[in-house]
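1. here's a sequence, model it:
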Amino acid sequence: SLQAFIAEGLKISADQYLQAQSVRNDYRMAFAQAFTEADILVTPTALGTAPAGIGATGSPVFNLPFTNLGLPTLTLPVGFSPENALPLGMQLIAPHLQEQRLIDMGCFYQASTDWHLQRPPVAR
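-> Residues are numbered from 1 along each chain as shown. Below is the predicted model:
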């Protein structure tokens, strides 16, 4: 899927690329406004649990907007699904160049919870 993603990107013209960068800059400035009201944003990490096995990593739908903006993110465990005990995560997002704020919040969360220490039951 990565090769297909790269191949699709190679079809973008220079004009389209420059237009996309302009839109991205507008989006980045508008999104920065959210951080005037919040220190950290929290979203799900994924649409659901982690996929079973090692064949896939799951959907990046909640990661791509922040990657595109160049914002630092951190994923932390928040539990397991009841039906198959696969992990669930939350994503913390910090303002541009505020990695330390993100790390501090992640450390605070882990000091306040024990999800990072828990392991799902092993099926036999």
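
2. what is the burial count for residue 74?
-> When neighbours are counted by other Cβ atoms under 10 Å, residue 74 registers 18. For every residue, glycine as well, the C-beta is placed using N, CA and C.

3. I meant to write residue 69 there.
-> Per other Cβ under 10 Å, the neighbour tally for residue 69 reads 17.

4. gap between it and residue 20?
-> For residue 69, the distance to residue 20 (Cβ to Cβ, to the nearest Å) stands at 13 Å.

5. go on, residue 12?
-> The gap separating residue 12 from residue 20 is 7 Å, by Cβ to Cβ.

6. who are the packing partners of the helix ranked longest in the chain?
-> Scanning the chain for the helix with the most residues, using DSSP state H, yields helix 14-32. Judged by 3 or more Cβ pairs under 8 Å, 6 or more residues apart in numbering; DSSP states H and E, helix 14-32 is in contact with helix 64-69.

7. could you pull up the contacting residues of residue 87?
-> Going by Cβ atoms under 8 Å, 6 or more residues apart in numbering, residue 87 touches 49-50, 77, 79-80, 120.

8. check what pLDDT the residue nearest in space to the middle of the chain gets.
-> Geometric centre of the chain, nearest residue: residue 63, 3.4 Å, by Cα atoms, centre = their mean. Here, the pLDDT recorded for residue 63 equals 84.

9. how about the helices of this protein, start to end?
-> Under DSSP H, the chain gives helices at 2-9, 14-32, 64-69, 99-112.

10. contacts for the shortest one?
-> Residues lying outside helix 64-69 but in contact with it, judged by Cβ under 8 Å, 6+ apart, are 24, 27-28, 31, 60, 73, 91, 93, 96.
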